[in-house]
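A.B. asks: I'd like to go over a predicted model; first the sequence, then the structure.
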Amino acid sequence: MAKHEAIDWYDTPLLYDIVFEEDTKKEGDFLEQAFERFGRVAKKRSPRRVLEPACGSGRLIVEMARRGWQATGFDLSQPMLDFAEKRLAEAKLDATLKVARMESFSFREKFELAHCFVSTFKYLLDEESARGHLQSVADALLPGGLYLLGFHLTDYDWDACQHERWVGQRDGVKVVCNIRSWPPEARKRREKVRSRMTVTQDGKVRHTETEWWFRTYDAAQARKLLRSVPSLEHVATYDFCYDWTTPRDLDDRQLDTLLILRKR
Ligand SMILES: C[S@@+](CC[C@H](N)C(=O)[O-])C[C@H]1O[C@@H](n2cnc3c(N)ncnc32)[C@H](O)[C@@H]1O
């Protein structure tokens, strides 16, 4: 079996971006539809402002800027932010990017919309950080503004590893990404996750891997956290199909969860 080189996969933004590009347009469409449908911001502004905590390689920053939103993103990874900056320049688009942490942040301006997809929120490993994050988002939103938060719930009955496989290709670089989650540690509220990438470029093959911990939530734990931040009202739940015709309840029947939260 090939040996995998341990890396921080956010130090290779192009590879991350190749793998996660696929849903970007669908997510952008859903963000705009959600805003039309559930947003209650009193005064119309142009352009409208969108905030992305942990914006990573900037795929959604670019997408929203292209749609005419004034986009602001932050992340703790400088390589990811540098990549996002380069993408914006190539697309001749403007956005504000900075280094900051999800746990606690503040902005002078207020936003109509904010979002955080692909389970990024689960990097916040304790309740205080998760609550701090939601409160910071609430403080950054205009009254009636929305926060769309997408993450996988955990089934604590799992006793085997779960796998997801992603494949992407761009400009002669092919990336196969296998993501494995170990059975959750219910008492510690965490699960170990590993991303393994096989990268083929110029006839050469490279194998890399990154491991991290995610905080775990079942539906009851997610509800309890939401109740602890009363300035955000939970107004709807969807899933990663981004299909308006099938809203869901926040329960444990389906694990991919997209919460629509509104600033009171
Ligand atoms: C899965 S990527 C998501 C990137 C982007 N939001 C997207 O949808 O493609 C997770 C990002 O979270 C960032 N991150 C992880 N923990 C963070 C924290 N505590 N504060 C800020 N950024 C963080 C990582 O550097 C990485 O860029």
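C.D. replies: Yes, it's here. All values derive from a computational prediction rather than experimental measurement.
A.B. asks: Need the nearest residue in space to the residue in the stretch 151-264 of the chain that the ligand sits nearest to, chain neighbours excluded.
C.D. replies: Closest approach between the stretch 151-264 of the chain and the ligand, counting by CB to the nearest ligand atom: residue 212, at 8.6 Å. (Glycine included, C-beta is placed from N, CA and C.) Nearest residue to residue 212, sequence neighbours excluded (CB to CB, 6 or more residues apart in numbering): residue 193, at 5.6 Å.
A.B. asks: And what about that neighbour, helix, strand or coil?
C.D. replies: Taking DSSP: H, G, I helix; E, B strand; the rest coil as the rule, one finds residue 193 in the strand state.
A.B. asks: can you count the residues close to it?
C.D. replies: 18 (other CB atoms under 10 Å).
A.B. asks: From what I see, it and residue 180 are in contact.
C.D. replies: Yes: using CB atoms under 8 Å, residue 193 makes contact with residue 180 at a distance of 7.1 Å.
A.B. asks: doesn't residue 244 make contact with residue 33?
C.D. replies: Yes: between residue 33 and residue 244 there is a contact under CB under 8 Å: 6.4 Å.
A.B. asks: follow-up on the earlier one: who does the residue nearest to residue 212 form a beta bridge with?
C.D. replies: residue 181, residue 212 (DSSP bridges).
A.B. asks: what residues are up against it?
C.D. replies: Residues near residue 193 by CB atoms under 8 Å, 6 or more residues apart in numbering: 179, 180, 181, 182, 211, 212, 213, 214.
A.B. asks: Need the pLDDT of it.
C.D. replies: Reported pLDDT at residue 193 in the predicted model: 98.
A.B. asks: Up against the ligand, what does the chain have?
C.D. replies: Residues of the chain lying close to the ligand by CB under 6 Å from any ligand atom are 10, 20, 52, 54-56, 59-60, 75-77, 80, 101-103, 117-118, 120, 123.
A.B. asks: What are the boundaries of the helices in this structure?
C.D. replies: For the chain, the helices defined by DSSP state H occupy 13-20, 24-38, 59-66, 78-90, 127-140, 219-227.
A.B. asks: ok and the first one relative to helix 59-66, angle-wise?
C.D. replies: In this case it means helix 13-20. 80 degrees (axes from the mean of the first three to the mean of the last three CA atoms, to 10 degrees).
A.B. asks: ok, residues contacting helix 13-20?
C.D. replies: With CB under 8 Å, 6+ apart, helix 13-20 has contacts from 9-10, 56-57, 59, 77, 79-80, 82-84, 118, 166-170, 173, 175, 177, 197, 199, 208.
A.B. asks: The residue in the chain that the ligand sits nearest to: neighbour count?
C.D. replies: The ligand sits closest to residue 56 of the chain, with a gap of 2.5 Å, by CB to the nearest ligand atom. By other CB under 10 Å, the residues close to residue 56 number 23.
A.B. asks: which residue packs closest to it, ignoring adjacent ones?
C.D. replies: Here the residue nearest residue 56, using CB to CB, 6+ apart, is residue 80, at 4.8 Å.
A.B. asks: Look up how far residue 164 lies from residue 196.
C.D. replies: Residue 196 sits 11 Å away from residue 164, going by CB to CB, to the nearest Å.
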